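Undergrad: any chance you could fold what I've pasted below:
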Amino acid sequence: MSALLNVEGHLPDILWDKMRNILMTSATLTVNDSFNFFTDALGISNQNELIVDSPFNYEKQSRLIIPNDIYTPSNNAFTSQIADDLTDILRTFQGSTMVLFTSYSMLNNLYEKVNYKLEEDNINVLSQSKYSRKYIMNKFKAGKNQIIFGTQSFWEGVDIVGKDLKYLIIMRLPFPVPNDPVNAARVKLMKEEGKNYFFEYFIPKAVIKFKQGFGRLIRSRNDKGIVICMDNRIINKRYGQVFLNSIPDKCPVIKMKLRQVIDYVAGED
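TA: The predicted structure follows:
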């Protein structure tokens, strides 16, 4: 099995030049308000571009909270440090929550630390390491006090409207896996071409995935909710601003200690 590392040299001849008009729409085509990553990757030129404002009022409907007193997820002590506070936060939420992970390793680690405590309060954690995506979705929508622990397939294509989903927790910025064969080959090629693979490939890919995950929360004009990004590199690293620039305009960004989330949510309610 093989895959082309670059298609921009092939698609114009076999597709773009043969079509009179093509309309491409998505909520996640841009990075930092630019289509360049998308168009360059597909060899698209002479295109007309339009960024349309969202129909949702993110200033009133959403909040992005970033804890500023915890380790980064790459630290081995990360899950141990946050487990108790996260358990109490999930107790406060009483379900209606989706927690997005980038790996089963962290998902399972945190599940073992919090699940038995939440069970004592009749809060059910639906872990993707135990149940199918279809089962989790049906169970989540059918009952109260349900929490989803999901990985890759829950970052996109999930549509939960209304009060069933009020809280979204993103555990880690979704950077591509470096040792994935295609990613590793692209990194090698970009190095040979003198390009900065991290800023030119890893960050744009992660931003698009982050936007997809962020978009799971607000699905209608009546939805309201809170996103918590547990990866504070989004405020501590220079590249973090690219992520913040790519979330919906006017969504309030709030920095606070992890423990303060409990009181903040109580005040919002």
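
Undergrad: residue 87 against residue 120, yeah?
TA: No. With contact defined as Cβ atoms under 8 Å, residue 87 and residue 120 do not form a contacting pair (10.2 Å). Where you see a C-beta, it was placed from the backbone N, CA and C, and this is true even at glycine.

Undergrad: distance of the residue nearest to residue 204 when sequence neighbours are not counted from residue 153?
TA: Leaving aside its sequence neighbours, residue 204 sits nearest to residue 37 (Cβ to Cβ, 6 or more residues apart in numbering; 4.1 Å). Distance, residue 37 to residue 153, by Cβ to Cβ, to the nearest Å: 23 Å.

Undergrad: who has more neighbours, these two?
TA: residue 37 (19 against 12; other Cβ atoms under 10 Å).

Undergrad: list the buried residues for the host helix or strand of the more buried one?
TA: Residue 37 is part of helix 36-42, with elements assigned from DSSP states H and E. Neighbour-count burial for helix 36-42, counted by 16 or more other Cβ atoms under 10 Å, picks out 37-39, 42.

Undergrad: would you list every one of the strands in the stretch 101-250 of the chain?
TA: Here the stretch 101-250 of the chain has its strands, by DSSP state E, counting those that start in this stretch, at 124-127, 146-150, 167-170, 225-229.

Undergrad: now those in JSON lines, with mean neighbour count, mean pLDDT and distance to residue 71?
TA: Below are the strands of the stretch 101-250 of the chain laid out as JSON lines (neighbours: other Cβ atoms under 10 Å; pLDDT from 0 to 100; distance: least, Cβ to Cβ, whole Å):
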{"stretch": "strand 124-127", "mean neighbour count": "20", "mean pLDDT": "96", "distance to residue 71": "22"}
{"stretch": "strand 146-150", "mean neighbour count": "24", "mean pLDDT": "96", "distance to residue 71": "20"}
{"stretch": "strand 167-170", "mean neighbour count": "24", "mean pLDDT": "97", "distance to residue 71": "16"}
{"stretch": "strand 225-229", "mean neighbour count": "22", "mean pLDDT": "96", "distance to residue 71": "14"}
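
Undergrad: make a markdown table out of the ones you listed and add distance to residue 210.
TA: Shown next, in a markdown table, are those (distance: least, Cβ to Cβ, whole Å):
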| stretch | distance to residue 210 |
| --- | --- |
| strand 124-127 | 22 |
| strand 146-150 | 15 |
| strand 167-170 | 7 |
| strand 225-229 | 8 |
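
Undergrad: in a markdown table, list the buried residues of helix 36-42 along with pLDDT.
TA: Listed next are the buried residues of helix 36-42 as a markdown table, based on pLDDT from 0 to 100:
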| residue | pLDDT |
| --- | --- |
| 37 | 90 |
| 38 | 88 |
| 39 | 88 |
| 42 | 87 |
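
Undergrad: which of the residues you listed sits closest to residue 199?
TA: Closest to residue 199 out of those is residue 37 (10.8 Å), distances taken as Cβ to Cβ.

Undergrad: so who does that closest one touch?
TA: Going by Cβ atoms under 8 Å, 6 or more residues apart in numbering, residue 37 touches 31, 204, 208.

Undergrad: neighbours around the second one, how many?
TA: When neighbours are counted by other Cβ under 10 Å, residue 204 registers 22.
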